[in-house]
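> How does the following fold in three dimensions:
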Amino acid sequence: MNGKRTVLIVDDDKEIVELMRDYLEDEQFDTVEAFSAAEALEALARGPIDCILLDVMMPGQNGLDLCRHVRKTQDLPILFLSARGEDMDKIRGLSLGGDDYIVKSATPEEVVARIKAVLRRYDKSEKETKLEWRFGKLVLDVKAHEAVLDGRPLPLTPKEFDTLCLFAEYPRQVFTYDQLLQRFWDGIGDKHAVTVHIGRIREKIEEDPRKPKIIANVWGIGYRFEGVQG
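Next comes the predicted model:
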């Protein structure tokens, strides 16, 4: 073991794969290359992979489908890299479990910086000093990186788990969109990323996500954690 992080680069464009490989290796990452979803799954099976940089539009199984498949079994960070920069594309990618969505017009240096930011957030979730948060039926086990609601394990991504831990640490404190964007996206992105992210969490923890009671809206400002009764 050399202590380096390994990034799986998945793109059918060989030039982009080679470009990102060179920049990542210059920043002391190891890389694995895949030019299709099938090759990516083979690489994940060989492991270990610390992060995936994933193209959206690929022949055969696309990046969105691959992300959905990976999220069923693994919690590693996934960053989409796409030529499509419309808001709806970003929202869809984040809704499926992506940790970030980067348009291909971004410089390689920015892509590497955002990979580092996602990995820092992932690392932080494993270094929390408090081992467990309990709010009624909701239990957040930091050491096991596990959330349980009413005895049922919740399939949370690392960023979703980190967000719940932040809310649990400061119950009833209002967190603004800008604060959450800065904390979990290093200030890169917009309000859409935050609202989609919170929406995904609510789908997993709220009895009725359309009428949230655990993570309350503070209209025009952000969100407040109310906890879980019972």
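> Just the helices from this structure, written as ranges.
In the chain, the segments counted as helices under DSSP state H are 14-26, 37-46, 63-71, 87-95, 108-125, 158-169, 177-185, 191-205.
> Just name the most buried of the ones you listed.
helix 158-169 (a mean of 21; mean count of other CB atoms under 10 Å). C-beta coordinates here come from the backbone N, C-alpha and C atoms, glycine included.
> Please tell me I have it right and D75 contacts T157.
Yes: with contacts counted by CB atoms under 8 Å, D75 reaches T157, the gap being 6.1 Å.
> what's next to stretch 185-200, contact-wise?
87, 90-91, 94-95, 97, 100-101, 113-114, 117, 157, 159-160, 163, 177, 180-181, 184, 209, 215, 222-223 (CB atoms under 8 Å, 6 or more residues apart in numbering).
> where are the low-confidence patches of this protein?
Low-confidence segments of the chain (pLDDT under 70): 1-3, 85, 124-130, 228-230.
> what about R152, how many residues close to it?
A count of neighbours around R152, defined by other CB atoms under 10 Å, yields 10.
> ok, now the one 5 residues further on?
Other residues near T157 come to 22 when the count uses other CB under 10 Å.
> which residue packs closest to it, ignoring adjacent ones?
For T157, ignoring the flanking residues on the chain, the nearest one in space by CB to CB, 6 or more residues apart in numbering is G97 at 5.4 Å.
> Likewise for I91?
For I91, the spatially nearest residue (CB to CB, 6+ apart) is V196, at 5.2 Å.
> gap between the one you found and G189?
Separation of V196 from G189 (CB to CB, to the nearest Å): 10 Å.
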